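Asker: how does the following fold in three dimensions:
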Amino acid sequence: MAKLKLATVWLGGCSGCHMSFLDLDEWLFELAHQVDLVYSPFMDAKQYPQEVDVALVEGAIANTDHWEMIHQVRDCTQYLIAFGDCAVTGNVTALRNLLGTAEGVLERSYINLADLVPQIPAEEAIVPPLLDWVKPVHTVVPVDLYLPGCPPSPSRIKFVLEALLQGKRPQLEGRDQIKFG
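Answerer: Reported below is the predicted structural model:
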């Protein structure tokens, strides 16, 4: 039987969801026997592959690189999971929406609050252009499962992955499985 092709993606977030994934500790050895990790910040993959079975997507869509990446992930992935509260709701990443458009955020950060030389970075290809509004994943592409938590607990992540490895759709129910924060 072919191994499940698993990807993890890090967009606009703090990487706490990926740290929680690593907190699966010894179970990661069992998982490694059942999946091929085909894309992740844990590895040196430069291109998102075709025909991914499951992707855990951490973070909100905050810039043009995230926008392009989430469309590529959706196009190449059978089962996309919004992984953590930033992916599910925008959460902390979306707090910048309170400052208005991307231009307002940049002016506040680099001009109004500057200590020494007030200027907005203008060098191309260093920082991807910000989107005017940070968006949760489901507002940009369809999502198959929402895995809330800031970050989701390792037991919740394991519950979801075990169900998928058994060919089942995870059923998140009750406070322990659907709690935010």
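Asker: for Glu107, see how far away Leu130 is.
Answerer: Relative to Glu107, Leu130 is positioned 12 Å away (CB to CB, to the nearest Å). Every C-beta, even on glycine, is put in place using the N, C-alpha and C of the backbone.
Asker: got the contact list for stretch 109-129?
Answerer: Contacts of stretch 109-129 from elsewhere in the structure, counted by CB atoms under 8 Å, 6 or more residues apart in numbering, are 63-66, 102, 106-107.
Asker: of those residues, closest to Cys17?
Answerer: Closest approach to Cys17 among the contacts of stretch 109-129 (CB to CB): His66, at 14.8 Å.
Asker: near that closest one, how many other residues are there?
Answerer: Residues lying near His66 (other CB atoms under 10 Å) number 26.
Asker: most centrally placed residue in the chain?
Answerer: Nearest to the geometric centre of the chain sits Glu58, at 1.5 Å (CA atoms, centre = their mean).
Asker: ok, that one - contacts?
Answerer: Glu58 makes contact with 8-11, 13, 15, 17-18, 83-84, 86-87, according to CB under 8 Å, 6+ apart.
Asker: which ones among these map onto helices?
Answerer: 17-18, 86-87 (DSSP state H).
Asker: name the member of the residues you listed with the most neighbours.
Answerer: The most neighbours of any of those, using other CB under 10 Å, belong to Ala87, which has 31 neighbours.
Asker: does that residue touch Ala62 like I think?
Answerer: No. With contact defined as CB atoms under 8 Å, Ala87 does not reach Ala62; the gap is 11.4 Å.
Asker: joint contacts of the two?
Answerer: With CB under 8 Å, 6+ apart as the test, Ala87 and Ala62 both reach Leu11.
Asker: rewinding a little: which of the contacts of Glu58 lies closest to Pro148?
Answerer: Closest approach to Pro148 among those (CB to CB): Gly84, at 7.3 Å.
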